[in-house]
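**Student:** The following block contains a protein sequence and its predicted model.
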Amino acid sequence: MSDSDCEIIDETEDIIEISQLTKDDTTQELNSSNSSLDRYRQEFGIFQIWLKSQEANTVDEELLLAYFKEISSEYNPLTLKSKYSMLKNMIKSSYDIDIGEYEQLKTYLNDIAAGCKVVKTKVFTSEQIQRFLDEAPNEQFLLAKIALILGSQGACDSRELRELTMNDVELNKTFVVIKIQDSTSDFPKVVTLVGKNFELVKSYLQLRPEGILPFFVDYRNGNCYNQVYGRKISTVPKVIANWLKLEEPELYNSRSYSSFYIKKKKKSDRNLSRPEKKLKTTHAQ
């Protein structure tokens, strides 16, 4: 990677945050959520496959340096640091080896990040959210409105929205209850929608084809289609920003729905200390 200046849009999701690599960041809780643990295991599995290809049975600094140098052409420095954080925890758990003591590795990761700056995601204001819900035409933007409602009221990221299914939805005569699995904890969230937001969700549900489990399906020109929307849900914030004619729409992603995104990260550790599972419920007009 060159030493020239570069910008990286911070779009990482559901990764336990790491601060400076030089900080003594001791092993973090891996059971904060099943989905987060799955990502740690997946990352560790990829690394183990690579270890096997190197005919290595254990882990040392030389091997890790070789691994990160090999994948550095595929990922930006921010993603590499996230991978480092996940591997640090998993290797400590599996091999009882603290790669946080590998100074050459930390120096390498810091060096390739030199000259790059993380461009922070822009966040929608409450006024912008309300304007889009009130003024954007439903024929084009009904799905985007539903994603915006759930993203802001439930502090959801794209992954949580993508994994939402019809089994999580309870439609009643005057309100709808949507249960969302929090990607940062074991404690599900429940969003209850009434009033205008309820009517929007009800309209969307009436248009959905039957027999598709994922909640979000393709929506165009006032019609739903028999196709899962999938990862395209992550592009919705940019679509909203473009309609609002906001500057730098490319800096809007799933973190843009609500400042609650950061708050829920901070609350996840406190949730671990709760004696029993509780539903976090929000109500929205």
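**Tutor:** Okay, I see it.
**Student:** can we go C-alpha only for contacts and neighbour counts from here?
**Tutor:** OK.
**Student:** Tell me where the model's unsure across this structure.
**Tutor:** 1-36, 115, 118, 184, 258-285 (pLDDT under 70).
**Student:** What segments of the protein are strands?
**Tutor:** Secondary structure of the chain by DSSP state E: the strands cover 6-9, 116-119, 169-171, 175-180, 189-194, 217-220, 223-228, 280-284.
**Student:** Can you add mean neighbour count and give those back as CSV?
**Tutor:** Formatted as CSV, the strands of the chain follow (neighbours: other CA atoms under 10 Å):
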stretch, mean neighbour count
strand 6-9, 14
strand 116-119, 15
strand 169-171, 15
strand 175-180, 21
strand 189-194, 21
strand 217-220, 18
strand 223-228, 15
strand 280-284, 14
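**Student:** residue farthest from the centroid of this protein?
**Tutor:** Glu55 (34.3 Å; CA atoms, centre = their mean).
**Student:** Distance check, that residue against Ile49.
**Tutor:** Separation of Glu55 from Ile49 (CA to CA, to the nearest Å): 10 Å.
**Student:** Could you do Leu105 as well?
**Tutor:** 20 Å.
**Student:** who's more crowded, these two?
**Tutor:** Leu105 (22 against 11; other CA atoms under 10 Å).
**Student:** Tell me who's in contact with the residue lying closest to the more buried one once chain neighbours are set aside.
**Tutor:** Counting by CA to CA, 6 or more residues apart in numbering, Leu65 is the residue found nearest to Leu105 once chain neighbours are left out, at 5.7 Å. Neighbouring residues of Leu65 by CA atoms under 8 Å, 6 or more residues apart in numbering: Gln104, Leu105, Tyr108.
**Student:** Look up how far Asp111 lies from Leu65.
**Tutor:** Distance, Leu65 to Asp111, by CA to CA: 13 Å.
**Student:** Same check on Ser158?
**Tutor:** 31 Å.
**Student:** next one: Tyr40
**Tutor:** Distance from Tyr40 to Asp111, by CA to CA: 25 Å.
**Student:** Just want to know which of the two has more residues nearby.
**Tutor:** A count of neighbours by other CA under 10 Å puts Tyr40 above the other of Tyr40 and Asp111, at 21 against 14.
**Student:** Apart from its neighbours in sequence, what residue is nearest the more buried one?
**Tutor:** Nearest one to Tyr40, counting by CA to CA, 6+ apart, is Met86 at 5.6 Å.
**Student:** Tell me if I'm right that the one you found and Ile46 touch.
**Tutor:** No - between Met86 and Ile46 no contact is recorded; they are 11.7 Å apart, counting by CA atoms under 8 Å.
**Student:** Settle it for me: which of the two has more neighbours?
**Tutor:** In this view Met86 and Ile46 are compared by other CA under 10 Å, and Met86 has more residues nearby, 26 against 10.
**Student:** just the helices in this structure please.
**Tutor:** Using DSSP state H, the helices of the chain run over 34-53, 61-71, 77-95, 103-113, 126-135, 138-153, 158-162, 195-207, 236-243, 260-272.
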